[in-house]
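Engineer: Fold the following and give me the result.
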Amino acid sequence: MALNDKIPHWPEAAHANARRSLLAADLVIDGDVTSHGPVDVHGKIVGSACAPVVVVAATGRIEGSVSAHDLSVLGFVLGSASAHNVQLSSNAVVHADVLHERIVIEAGAILEGRLQRRL
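Structural biologist: Numbers count the residues shown, from 1 in each chain. All right, here's what the predicted structure looks like:
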């Protein structure tokens with residue numbers, strides 16, 4: 001199965017008045033997270049995350065799938081990722097197949113998985 005078959009589309013960009021959600025470092029969610037506004041993950045999600053903007057902070061961890069319009073990873077992602085814009089910081093550790101339109105990978109980032117560009 002191709003990456004395009006797994007996640008047919010990513011969320012729309014966040015609206016200007018969308019409220020940001022913060023998942024604290026001591027929070028563990030065993031399930032799915034969905035938001036119409038930006039989500040900052042400082043804790044751990046075991047499941048899926050879907051939001052217009054997802055930021056996986058340095059202490060953050062997603063084990064499952066993440067779908068966003070804009071995805072920024074400073075922490076850890078295991079599973080699959082799909083986003084229009086992907087940015088992997090120098091501290092990012094990503095063991096995932098990544099479907100993207102644009103991607104930036106900073107020196108030092110660890111990426112194990114397949115990259116597939118979608119137009």
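
Engineer: tell me the contacts of the closest residue to residue 58 other than its chain neighbours?
Structural biologist: Among residues not flanking residue 58 along the chain, residue 74 sits closest, at 4.6 Å (Cβ to Cβ, 6 or more residues apart in numbering). The C-beta positions use only the backbone N, C-alpha and C, and glycine is treated the same way. By Cβ atoms under 8 Å, 6 or more residues apart in numbering, the contact list for residue 74 reads 55, 56, 57, 58, 60, 89, 91, 92.

Engineer: burial count for the fifth one?
Structural biologist: Using other Cβ atoms under 10 Å, the number of residues around residue 60 comes to 23.

Engineer: likewise residue 118?
Structural biologist: With other Cβ under 10 Å as criterion, residue 118 counts 14.

Engineer: was I right about it contacting residue 100?
Structural biologist: Yes: taking contacts as Cβ atoms under 8 Å, residue 118 lies within contact range of residue 100: 6.9 Å.

Engineer: What score does residue 17 have for pLDDT?
Structural biologist: pLDDT, residue 17: 81.

Engineer: That should have said residue 53, apologies.
Structural biologist: pLDDT recorded at residue 53 is 95.

Engineer: Next, the closest residue to it other than its chain neighbours: phi, psi?
Structural biologist: Nearest residue to residue 53, sequence neighbours excluded (Cβ to Cβ, 6+ apart): residue 38, at 3.7 Å. With angles defined as degrees, to the nearest 10, residue 38 sits at phi -60, psi 150.

Engineer: And residue 63, by the same measure?
Structural biologist: phi -120, psi 100.

Engineer: And the strands in this protein, which stretches?
Structural biologist: 21-23, 28-30, 33-34, 39-41, 44-56, 61-73, 76-88, 93-105, 110-112, 115-117 (DSSP state E).
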